[in-house]
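Peer 1: no sequence on this one, just coordinates:
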């Protein structure tokens, strides 16, 4: 199974701080923030696969979050920037169920990954990072951003089709 994520950021945790790196078009920016989630461990438990899980909640990133974690895997990590519980987070969702994460597979592996070189990224504060990201992704300079090559092809095919129809109307007009 290939590892995948919907997040473009690379998140590194060091000394209780997250450093977030992101390449946005041709720009490379980063910001740092403390990893200080304040979890409240609740009484609720449930079985998730072969693990006994316990529920916890916290307020973070403008939402109320609920996590199911297991102390049977004594790693205090989870998806995205969620960490700090006395066990691995197996499931996580916000109170509106707009975001939901679920551990699909867990294997003990040693994988060496090359971390971003901080010298290649312009360090910003978090607010400025998001303002620049928004400005780049919503550029009003006539540039078009596509999620993938298929989306780009469909867009251009539609433009060519529309132009062809308009040209035929002018000729027959």
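Peer 2: That came in fine, so what should we check first? Remember, it's a predicted structure, so these values are computed and weren't measured experimentally.
Peer 1: hey, let's count contacts and neighbours off CA atoms from now on
Peer 2: Fine.
Peer 1: Quick one: mean pLDDT for the helix or strand encompassing residue 150?
Peer 2: Element membership for residue 150 (DSSP states H and E) is helix 149-172. Helix 149-172 shows a mean pLDDT of 66.
Peer 1: Listing request: residues of the chain with sub-threshold pLDDT.
Peer 2: Within the chain, the segments meeting pLDDT under 70 span 1-7, 139-148, 151-152, 155-156, 159-173.
Peer 1: what ranges do the strands span in the protein?
Peer 2: Assigned by DSSP state E, the chain shows strands spanning 10-14, 17-24, 27-34, 40-48, 51-60, 63-70, 88-94, 100-102, 122-123.
Peer 1: To residue 76, which of the ones you listed lies closest?
Peer 2: strand 88-94 (5.3 Å; Cα to Cα).
Peer 1: And that closest one, what does it pack against?
Peer 2: Strand 88-94 is packed against strand 63-70, strand 100-102, with contacts defined by 3 or more Cα pairs under 8 Å, 6 or more residues apart in numbering; DSSP states H and E.
Peer 1: Mind putting these into CSV with mean neighbour count?
Peer 2: What follows is those, written out as CSV (neighbours: other Cα atoms under 10 Å):
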stretch, mean neighbour count
strand 63-70, 22
strand 100-102, 15
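Peer 1: Now tabulate those strands in a markdown table and tack on distance to residue 31.
Peer 2: As requested, the helices and strands packed on strand 88-94 are exported to a markdown table (distance: least, Cα to Cα, whole Å):
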| stretch | distance to residue 31 |
| --- | --- |
| strand 63-70 | 21 |
| strand 100-102 | 24 |
